[in-house]
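Peer 1: fold the following, please.
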Amino acid sequence: MKLSYISLQYILILLVMAFIAGTYAIEHHHRQLTLNLYLESAKLTNQLFSNALHQYATDTTSQQLLESDKKNLSLIGGHKSANPGKFAIDLINSVSSEDQKIKIYSQHHFPSRKYAAKPKKEVEKRILRYFSYSQDEDFYESSGDIFFYAAPIKMTSQVCVDCHNKHPQSPKKNWALNDTRAIFTITHKIEFERHYVFYGVFFGLFFLCIGLVIFLLRKTKQLNDKTQEIKIDNLTQIPNRAFINEDGKKLFIKRSRNNANKGVSILMIDIDNFKSINDTYGHDIGDECLKEIAQRISMTVRTDGDVVKNPNYAARWGGEEFLAMLSNTNEEDAIAIADRMRVEVKKRKVSSAELEVTISIGVCFIHRAYKPDFKHAEKIADDALLMAKTSGKDCTILYHYKDKENNTN
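Peer 2: Down below sits the predicted model:
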């Protein structure tokens, strides 16, 4: 399977995205598991608390035991018997910790608990409002690294209702069964165990893949660079025949099938009397001629029109021959560009020997109505070049593209 440099870049981006998504998914999964454990633990704690409070309030044995020891009680509101509120506070204080803070607060608190039981945080006020109209048994949420759980403490005993309604310091006198007396809350700092072995394997495989992709990127870039070097003629530094065979033909087919184009032209260009230049002045001067003429041809082709919308190219076909492709041209355009090319070569002397050099050009013009074959078009252009050579050189001959069965101009 052949992977391009761009494809590997996309793979690298996808790997990074997969790594981010995978890390997030793993963290989210472990966090959710931890939150579920916190929720179950909070519900269990609330249930145990509610059971203990209810048992304390209704158990006559506890009442009698506490009555006998009431002198040692720090009673709230002046209770002369067992005090469920004091019991609840002591119970919560005994199990609350720095990581798991348990608290009771109320909108209708006794004066003696004005500061301890009054809701202070915005979330506590919001929960009070929530349970004032909601029939839910509990509420929980997580924000950042904090898990918050809340549940209503309801008036489940008529004894409690009567006590609060008759108590002189009670801020509310119309309590009824199942009214929400207070809010039981648990605030827990979220800490979950990270599976470092799994993370190690995951990260290891990820960075291995990243390393492999980077290695392939470098190798592919090196291969692409080497391929591009192969497609450039060493002497003239313009595209060569390898470029034409691999990229030029594809570009020719693409441009010739674009209905927005006027047409496409293939130019075969030959340096006149080049053999005599080599024989008379040597191959070094001949090479200088090839380099200078190649640049003049290339510049004439590239600077004509919009090279983005109309990508023309010139390449060395072999020896002293060059091939050029002109897109979005009609017959007049092709002739004009070819003649301009001849003028550019002829008007300035070439090489250190200051030679006057001319070129002959054969043009194959392909109307956009055709679906041409590159080899056939090149053959027609070559026939036109041969005609230019036999017609006295330093001229341009144009043939129209015909089907293979009919190759007359």
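
Peer 1: which strands or helices does the helix or strand containing Gly362 pack on?
Peer 2: Here Gly362 sits within strand 359-367, counting by DSSP states H and E. Secondary-structure packing of strand 359-367 (3 or more C-beta pairs under 8 Å, 6 or more residues apart in numbering; DSSP states H and E): strand 263-271, helix 331-346, helix 374-390, strand 396-400. In this view, the C-beta of every residue, glycine as well, is placed from N, C-alpha and C.

Peer 1: how far away from the center of its chain is the last one?
Peer 2: Centroid separation for strand 396-400 versus its chain: 52 Å, with C-alpha atoms, centre = their mean, to the nearest Å.

Peer 1: what does stretch 237-245 give?
Peer 2: On C-alpha atoms, centre = their mean, the centre of stretch 237-245 falls 36 Å from that of its chain.

Peer 1: mind listing what's buried in it?
Peer 2: Neighbour counts over stretch 237-245 (16 or more other C-beta atoms under 10 Å) mark 238-241, 243-244 as buried.

Peer 1: domains of this protein?
Peer 2: 5-189, 231-400 (automatic domain parsing).

Peer 1: let me see the contact set for the spatially closest residue to Ile293 that is not a sequence neighbour.
Peer 2: Closest residue to Ile293 apart from its sequence neighbours, by C-beta to C-beta, 6 or more residues apart in numbering: Val345 at 5.6 Å. When contacts are counted by C-beta atoms under 8 Å, 6 or more residues apart in numbering, Val345 touches 293, 296-297, 357-359.

Peer 1: burial count for Arg316?
Peer 2: Residues within reach of Arg316, counting by other C-beta atoms under 10 Å, total 26.

Peer 1: list the contacts of the helix or strand that contains Thr185.
Peer 2: In the assignment (DSSP H and E), Thr185 maps to strand 180-189. With contacts defined as C-beta under 8 Å, 6+ apart, strand 180-189 is touched by 38, 42, 45-46, 49-50, 99-106, 108-109, 117, 119, 124, 127-128, 131-132, 145-155, 160, 164, 175.

Peer 1: so how do I select the buried members of those residues in PyMOL?
Peer 2: Buried subset of those, written as a PyMOL selection, criterion 16+ other C-beta under 10 Å:
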select buried, resi 38+42+45+46+49+50+100+102+103+104+105+106+109+117+119+124+127+128+131+147+148+149+150+151+152+153+154+155+160+164+175
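
Peer 1: what's stretch 155-172 in contact with?
Peer 2: By C-beta under 8 Å, 6+ apart, stretch 155-172 touches 54, 57-58, 77-78, 84, 108-112, 173-181.

Peer 1: strands along the stretch 201-350 of the chain, start to end?
Peer 2: Assigned strands in the stretch 201-350 of the chain, in chain order: 263-271, 313-318, 321-327 (criterion: DSSP state E, counting those that start in this stretch).

Peer 1: so which of those strands comes closest to Glu27?
Peer 2: With C-beta to C-beta as the measure, strand 313-318 is the member of the strands of the stretch 201-350 of the chain nearest Glu27 (53.0 Å).

Peer 1: and the closest one with helix 331-346, angle?
Peer 2: Here the directions of strand 313-318 and helix 331-346 differ by 60 degrees (axes from the mean of the first three to the mean of the last three C-alpha atoms, to 10 degrees).

Peer 1: check which helices and strands strand 313-318 sits against.
Peer 2: By 3+ C-beta pairs under 8 Å, 6+ apart, strand 313-318 packs against helix 241-243, helix 283-302, strand 321-327.

Peer 1: not counting the last one itself, show me its contacts.
Peer 2: Spelled out, that is strand 321-327. Here strand 321-327 makes contact (C-beta under 8 Å, 6+ apart) with 244, 248, 251-252, 255, 258, 261, 264-271, 293-294, 297, 301, 304, 310-317, 333-334, 337, 341, 378, 381.

Peer 1: and the buried ones among those residues, selectable in PyMOL?
Peer 2: A single PyMOL command selects the buried members of these (16+ other C-beta under 10 Å):
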select buried, resi 244+248+251+252+255+261+264+265+266+267+268+269+270+271+293+294+297+301+304+310+312+313+314+315+316+317+333+334+337+341+378+381
